[in-house]
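Novice: Sequence first, predicted model second:
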Amino acid sequence: MDNALKYANHRIDIYLEHQESHVCIRIVDDGIGNPSEFLPFIFDRFYRVDRSRSRQTGGSGLGLAIAKSIVTLHGGTIQLNSEWNCGTEVIISLPMKNPLTIKS
């Protein structure tokens, strides 16, 4: 969310979805995005795609690494899809300890 708030142009959409024994959270923004060649490194500690971004926003390059650690420790996954000048989508999937039983 912090990155979406920093880099979105006008829009941030948040989706929450129940998928069997998991909860899926998707955050989609219309921001500057990231070049595809940098995506394999995006969750590395201290990694920043553009060094000038850190001076403008005060980032340390730790946010996504910390987010991945937290999600992984909870048994989940985090994925980032992005395209330069087309925005970013982050998908977090977390297992439910006690999956809901939905009655109709």
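Specialist: Nice, thanks for sending it over. Numbering: from 1, shown residues only.
Novice: and Gly31, that one's in a helix?
Specialist: No - counting by DSSP: H, G, I helix; E, B strand; the rest coil, Gly31 is not part of a helix but coil.
Novice: What is the burial count for Thr88?
Specialist: For Thr88, the count of nearby residues is 23 (other CB atoms under 10 Å). All C-beta atoms are positioned from the backbone trio N, CA, C, and that covers glycine.
Novice: Could you measure from it over to Ser21?
Specialist: Distance of Thr88 to Ser21, computed by CB to CB, to the nearest Å: 27 Å.
Novice: next one: Phe38
Specialist: As judged by CB to CB, Phe38 and Ser21 stand 33 Å apart.
Novice: With Cys86 as the reference, measure out to Phe43.
Specialist: Phe43 sits 20 Å away from Cys86, going by CB to CB.
Novice: Those two: who's more crowded?
Specialist: Counting neighbours by other CB under 10 Å for Phe43 and for Cys86 shows that Phe43 has the greater number, 19 against 13.
Novice: neighbours around Glu17, how many?
Specialist: Around Glu17 there are 11 residues (other CB under 10 Å).
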